[in-house]
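>>> using only what follows, build the 3D model:
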Amino acid sequence: MPSDDPDTVDAMSVRPAAVAGTWYPGTAGALAREVDGYLDGADADPAGDTTAIISPHAGIMFSGPIAAYAYKTASAGAYDVAVLVGPSHFAAFDGVALYPEGAFATPFGLVAIASDVAAAVARADIVRPLVSAHAREHSLEMQLPFLARVLPAVPIVPLLIGAQTRGTIEALAAALVDALRGRRALLVASTDLSHYFDAGTAATLDGAVSDCISTFDTAALLERFESYPEHDRGRSVGCGIGAAIAVMMAAHGLGAGDARVLRYGHSGEISGDYGGVVGYLAAAFGNYGYESDAHAEPHAQ
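Reported below is the predicted structural model:
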């Protein structure tokens, strides 16, 4: 029987899609055509040794052409689980909210939650079951059309960061390393970049973030994030940069040595409005057979 506690779930719990039919097509056929079109248009090579990706989460017509680069790069991997980490846009809380079991509904069918891996992540004090935080949230849901298309048999662990503090970011990174060591896991960070600046200003702000990502420099990225007042970090740096930093730290801890920024774009390229754009970036982390520009120790201290 379902629990009386709204912040727990039983094994048969299904989280309904919140933005299917609005932010992306609500039927399997239409969604497949759109996702496949973006994947076909992405000039990226599948790379089997990809540990983590960064992908945006706006409406699919805006962010899909960028997200496709990340998922096409990861599509050749053999994974046991995909761990999704994104920001909470609607619910305010400290720490990290886990949806611990059941499944997420998509037009392609149910995407199962890897409850055993979720339980391993939840051993960390920073992580707790908080189902209500996931009800309206789109940051993880917008990853599922691509994930369910390119890696359809891979279950997920859904995690939302509340207040994106240094302590939470670093504790989550450590929890992910502890839980995922020895597993074949794909880490997915969901974030958009700057919000509603003109395209030139956005390119400057987002370029600084891209430089930190391409050099695998989490310390610099965290310092940049913290250099803004807390209320301005999401607008000037990115709404899910804490998720990206935690995933980058965890990817390094799990052995990834290389970083690739795969594609950058912004909403004005679709809407035609260059006066107030949202920036999007796709990146991948793994071991790609070349020496990156990464710092020897990218963890924030």
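>>> okay, how far is it across stretch 227-236, tip to tip?
End-to-end distance for stretch 227-236, by C-alpha to C-alpha, to the nearest Å: 10 Å.
>>> now do stretch 127-137
17 Å.
>>> what does stretch 189-199 give?
End to end - C-alpha to C-alpha - stretch 189-199 spans 24 Å.
>>> please apply the same query to stretch 177-184.
12 Å.
>>> stretch 187-204 now?
End to end - C-alpha to C-alpha - stretch 187-204 spans 27 Å.
>>> quick check: buried residues in it?
Neighbour-count burial for stretch 187-204 flags 187-195, 197, 199, 202-203 (criterion: 16 or more other C-beta atoms under 10 Å). Using the backbone N, CA and C atoms, a C-beta is placed for each residue, glycine as well.
>>> which one among those residues gets closest to residue 149?
residue 188 (13.8 Å; C-beta to C-beta).
>>> so the closest one sits against residue 52, correct?
Yes - with contact defined as C-beta atoms under 8 Å, residue 188 reaches residue 52; the gap is 7.2 Å.
>>> what sits in contact with each of the two?
residue 247 (C-beta atoms under 8 Å, 6 or more residues apart in numbering).
>>> next step: the buried residues of stretch 187-204 restricted to helices.
Among the buried residues of stretch 187-204, the members found in helices (DSSP state H) are 199, 202, 203.
>>> look at the second one and report its pLDDT.
If I follow you right, that is residue 202. pLDDT recorded at residue 202 is 97.
>>> quick check: it touching residue 193?
Yes - contact criterion C-beta under 8 Å: residue 202 and residue 193 qualify, at 7.4 Å.
>>> list residues touching both of those two?
With C-beta under 8 Å, 6+ apart, residue 202 and residue 193 have common neighbours 278, 279.
>>> sorry, back to before: among the buried residues of stretch 187-204, which are in strands?
187, 188, 189, 190, 195, 197 (DSSP state E).
>>> which of these lies closest to residue 19?
residue 190 (13.2 Å).
>>> list the contacts for the closest residue to that closest one other than its chain neighbours?
Closest residue in space to residue 190, ignoring its immediate chain neighbours: residue 86 at 3.5 Å, by C-beta to C-beta, 6 or more residues apart in numbering. Residue 86 sits next to 57, 137, 139-140, 143, 159-161, 189-191, 240, 243 when contact means C-beta under 8 Å, 6+ apart.
>>> just curious, which of the residues you listed is nearest to residue 168?
residue 161 (6.3 Å).
>>> what are the phi and psi angles of that closest one?
phi -90, psi 130 (degrees, to the nearest 10).
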